[in-house]
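1. Sequence unavailable; structure follows:
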C-alpha cells in the first residue's frame with residue numbers, strides 16, 4: 001500500500017509560528033537586498049549634479065573615476081565604488097550559498113553591513129563637498145547646481161543593504177514590520193528624493209498608490225476568503241463617481257473631500273454586499289462569471305448616462321480641489337500636475353490606514369473564518385462558522401477599499417470617465433495580488449508597486465530609453481523600433497518569467513505555500529493559519 005505521507009517528506013515547511021515568520025521574513029530580507037543591489041549600479045551610471053539649464057546632462061561617478069584625481073572627493077568616489085563591488089560579491093556569495101546549500105550563508109554579513117554604511121557616508125561626504133563648494137568633485141559647477149535623483153538612489157541603495165545586513169536577525173524574525181518601516185520611510189521621502197522628476201512623483205501618487213489600494217482590497221476577497229472576483233473595477237468606478245457627484249459642479253454638490261472618500265467607500269461597500277448576496281451559493285468559475293458581468297455592467301451604465309447622473313462618455317469634471325484645514329485656513333493642494341506631493345503623501349497615509357485595519361481584521365475571528373471558508377466552505381459551516389456573513393463581509397470590505405481608492409482617484413484627476421474602469425483594471429488588480437503573493441498583505445503591496453511600475457512607467461518610457469541607449473552606443477536602429485507595439489508582449493513575458501520562478505508569488509504567505517506545494521489533501525490551511 002503506498003505511503004500517502006511520502007510526498008510531504010520532500011517539502012521543507014516550517015512547523016511553528018517562529019519558523020513560519022522566519023520563512024516569510026526571509027523573502028523580505030532578500031527583497032531589501034535585491035532592491036539595494038539594483039539601485040547601486042543604476043545610480044553609479046547616472047549624473048549626480050546637473051546645472052539647471054543642462055537638460056539633465058552632468059557627470060556620473062563613473063566619469064569621476066576615469067578622470068584625474070582632484071582630492072578627497074575623488075578618493076571618496078573610489079571608496080564608494082570599491083564598497084559597491086565588494087557588496088556585489090557578498091550578496092552573490094550569500095545567494096549562491098542559499099540556493100546550492102553549500103558554504104555558510106551570511107558569513108560576511110557584518111562586513112557587508114559595514115561596507116554599506118561606509119558607502120553611505122561617502123555619498124554624504126561628496127554631497128557636502130559639492131554643496132559647500134569645497135571641492136569640484138564633478139567638475140566646474142555653478143552655485144545653483146541641482147542634486148540629481150541618482151544621489152538619493154545611491155544613498156538609498158547603501159542604506160537598504162546596511163539595514164538588511166546590519167539587522168539581519170531582526171529582519172528575519174519581523175519581516176513584515178521591517179518592510180513596513182522601510183517602505184514608509186522611503187515612501188515618505190520619495191517626493192523629495194525625486195524632486196527633479198515630478199512625473200515620477202505623479203506616477204507614485206496616481207498609479208502606484210491607487211493600485212496598492214486596489215490590491216489590498218482585492219486581497220481580502222481573493223486572498224483571505226478565496227472568492228474569485230473579476231469585476232473589481234466596478235467598485236472602483238462607484239467610489240469615483242460618488243466623489244464626482246457630490247464634490248463638483250456636475251450636480252451642484254460640494255461636500256468636503258475628507259467626508260467624501262469615506263462616503264465613496266461606504267457606497268462601494270454597500271454595492272459589494274448587494275453583489276455578494278445573490279452569489280452566496282456560487283463558487284469558483286461560476287462566481288467569477290457573475291462578478292465579471294457586474295464589472296461590465298457598471299462601466300456600461302456610466303457610458304450610457306444612467307438616469308442622467310454620469311454624463312455618458314464625457315464623464316464628470318470640475319471636481320472640487322481637496323484642501324487641508326491647516327493653521328486656521330485652507331491650504332489648497334493646487335493643480336495636481338503642478339504639485340503632486342500633497343496627493344502622494346495623502347495617498348501614503350490612506351495606505352497606512354488601510355494596511356493597519358486589514359492586519360487587525362486578518363488576525364481577528366473574522367480573518368480566521370475567511371481562511372476556513374477558503375479551504376472548505378462545507379466543513380467551515382459544519383463547525384459553526386456563519387459562511388453567509390463571512391462571504392458578505394469579504395465582498396463588502398474589499399469593495400469598500402476599492403471605493404476608497406476610486407474616491408481619491410477622482411479627486412486627483414479632477415474628472416472621471418468610463419474608460420478608466422474597464423475590465424483591464426480588474427485584470428491588472430488581480431495580477432498584482434497573484435504576483436505579489438495571495439493572502440500576504442506585504443506581498444500584494446510589492447506586487448502592486450512592481451506591476452504599476454512596469455505598466456505605467458517602464459513600458460511608456462521604453463522608446464525614449466532605447467533611443468538614448470542607441471545614440472550612446474552608436475546603434476541608431478534601437479531608437480527607430482516602435483516599442484509601443486510590443487509593450488504587452490514585454491509585459492506578458494515579465495509576468496510569465498516571474499511566475500515560473502516564483503509560482504506562489506514574490507512574498508507568499510505560508511498558507512498559500514502549503515496549498516500550492518502539498519495539495520488539498522494535506523495539512524489544513526486553517527491549522528497553518530492558527531499556528532502562524
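-> Perfect, I can see it now. Source: prediction; values computed, not measured. Numbers count the residues shown, from 1 in each chain.

2. Could you pull out the buried residues of stretch 277-296?
-> 279, 282, 287-288, 290-292, 294-296 (16 or more other Cβ atoms under 10 Å). In short, each C-beta sits where N, CA and C put it, glycine included.

3. scratch that, stretch 161-179 is what I was asking about
-> 161-166, 168, 171-172, 174-176, 178-179.

4. And these, which is closest to residue 233?
-> residue 179 (27.5 Å; Cβ to Cβ).

5. what are the phi and psi angles of the closest one?
-> phi -60, psi -40 (degrees, to the nearest 10).

6. how about the strands in the stretch 101-250 of the chain?
-> For the stretch 101-250 of the chain, the strands defined by DSSP state E, counting those that start in this stretch cover 146-147, 247-248.

7. what's the most buried one of these?
-> Highest mean neighbour count among the strands of the stretch 101-250 of the chain (mean count of other Cβ atoms under 10 Å): strand 247-248, with a mean of 25.

8. Quick one: list the elements packing against that strand.
-> Here strand 247-248 touches strand 253-254, going by 3 or more Cβ pairs under 8 Å, 6 or more residues apart in numbering; DSSP states H and E.

9. pLDDT averaged over the strand it packs on - what is it?
-> Taken as a whole, strand 253-254 has an average pLDDT of 78.

10. Can you list the strands that that strand pairs with?
-> strand 247-248 (antiparallel) (DSSP bridges).

11. circling back to that earlier point, out of the buried residues of stretch 161-179, list just those in helices.
-> 161-166, 168, 171-172, 175-176, 178-179 (DSSP state H).

12. wait, which of the buried residues of stretch 277-296 is closest to residue 111?
-> Among these, and counting by Cβ to Cβ, the member closest to residue 111 is residue 288, at 51.2 Å.

13. gap between that closest one and residue 282?
-> 9 Å (Cβ to Cβ, to the nearest Å).

14. quick revisit: just name the closest of the buried residues of stretch 277-296 to residue 26, please.
-> residue 288 (33.0 Å).

15. ok, residue 348 - contacts?
-> 184, 187-188, 209 (Cβ atoms under 8 Å, 6 or more residues apart in numbering).

16. Now the element after the helix or strand where it lies, going C-ward?
-> Using DSSP states H and E, residue 348 maps to helix 341-362. Using DSSP H and E, the helix or strand that follows helix 341-362 in sequence is helix 365-375.

17. Report the buried residues of whichever helix or strand comes after that following helix.
-> Going down the chain from helix 365-375, the next helix or strand is helix 377-382, by DSSP H and E. Residues of helix 377-382 classed as buried: 377, 380 (neighbour count, 16+ other Cβ under 10 Å).

18. helices and strands around helix 377-382, which ones?
-> In terms of contacts (3+ Cβ pairs under 8 Å, 6+ apart), helix 377-382 is packed against helix 365-375, helix 387-413.

19. now what about it, what contacts it?
-> If you take Cβ under 8 Å, 6+ apart as the criterion, helix 377-382 is touched by 283, 369, 372-373, 387, 390.

20. Spell out for me which residue occupies the centre of the chain.
-> residue 449 (2.5 Å; Cα atoms, centre = their mean).

21. Report the secondary structure state of that one.
-> helix (DSSP: H, G, I helix; E, B strand; the rest coil).

22. same check, this time on the one 4 residues further on
-> Following three-state DSSP, residue 453 is assigned to helix.

23. That one - nearest residue in space that isn't next to it in sequence?
-> Nearest non-adjacent residue to residue 453, counting by Cβ to Cβ, 6 or more residues apart in numbering: residue 208, 6.8 Å away.

24. Can you give me the neighbour number for the one you found?
-> 25 (other Cβ atoms under 10 Å).

25. That one contacts residue 452, correct?
-> Yes. With contacts counted by Cβ atoms under 8 Å, residue 208 reaches residue 452, the gap being 4.6 Å.

26. Determine the angle, from 0 to 180 degrees, between the helix holding residue 348 and helix 387-413.
-> Angle of helix 341-362 versus helix 387-413, following axes from the mean of the first three to the mean of the last three Cα atoms, to 10 degrees, is 170 degrees.

27. in helix 341-362, what's buried?
-> 341-348, 350-351, 354-355, 358, 361-362.

28. what sits against residue 188?
-> Neighbouring residues of residue 188 by Cβ under 8 Å, 6+ apart: 345, 348.

29. Now list the buried members of the contacts of residue 348.
-> Buried, going by 16+ other Cβ under 10 Å: 187, 209, out of those.

30. that older thread, spell out which residues are contacts of both of residue 208 and residue 452.
-> With Cβ under 8 Å, 6+ apart, residue 208 and residue 452 have no common neighbours.

31. Show me the shaky parts of this structure.
-> Within the chain, the ranges that satisfy pLDDT under 70 run 1-24, 51-58, 69, 133-145, 250, 323-338, 468-469, 471-474, 510-532.

32. let's see it at 50
-> 1-11, 15, 326-332, 337, 519-532 (pLDDT under 50).

33. so how far is residue 463 from the closest residue to residue 428 other than its chain neighbours?
-> Leaving aside its chain neighbours, residue 428 sits nearest to residue 451 (6.4 Å; criterion: Cβ to Cβ, 6+ apart). Per Cβ to Cβ, residue 451 is found 20 Å from residue 463.

34. Ok, residue 160 next?
-> The value you get for residue 160 to residue 463, if Cβ to Cβ is used, is 30 Å.

35. ditto for residue 206
-> Going from residue 206 to residue 463 by Cβ to Cβ gives 21 Å.

36. and if you look at residue 173?
-> Relative to residue 463, residue 173 is positioned 45 Å away (Cβ to Cβ).

37. can you check residue 440 too?
-> With Cβ to Cβ as the criterion, residue 440 and residue 463 are 35 Å apart.

38. likewise residue 475?
-> Where residue 463 is concerned, residue 475 sits at a distance of 15 Å (Cβ to Cβ).

39. now do residue 170
-> Distance from residue 170 to residue 463, counting by Cβ to Cβ: 43 Å.

40. now do residue 393
-> Taking Cβ to Cβ, one finds residue 393 at 46 Å from residue 463.

41. list the contacts for the nearest residue to residue 477 once chain neighbours are set aside?
-> In this structure, residue 477 finds its nearest non-sequential neighbour in residue 470, 6.7 Å apart by Cβ to Cβ, 6+ apart. Contacts for residue 470 (Cβ under 8 Å, 6+ apart) come out as 476-479.

42. Please list only the buried members of these.
-> So, by 16+ other Cβ under 10 Å, the buried ones in those are 478-479.

43. Make CSV from the contacts of residue 470 and add distance to residue 270 and secondary structure to it.
-> Putting the contacts of residue 470 into CSV (distance: Cβ to Cβ, whole Å; DSSP: H, G, I helix; E, B strand; the rest coil) gives the following:
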residue, distance to residue 270, secondary structure
476, 57, helix
477, 56, helix
478, 52, helix
479, 51, helix
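
44. Which of the contacts of residue 470 sits closest to residue 114?
-> residue 478 (40.5 Å).

45. doesn't residue 463 make contact with the closest one?
-> No. Checked against Cβ under 8 Å, the pair residue 478 and residue 463 is beyond contact range at 9.9 Å.

46. circling back: which single one of the buried residues of stretch 161-179 is nearest to residue 198?
-> residue 179 (26.8 Å).

47. Can you tell me how far the closest one is from residue 502?
-> For residue 179, the distance to residue 502 (Cβ to Cβ) stands at 16 Å.
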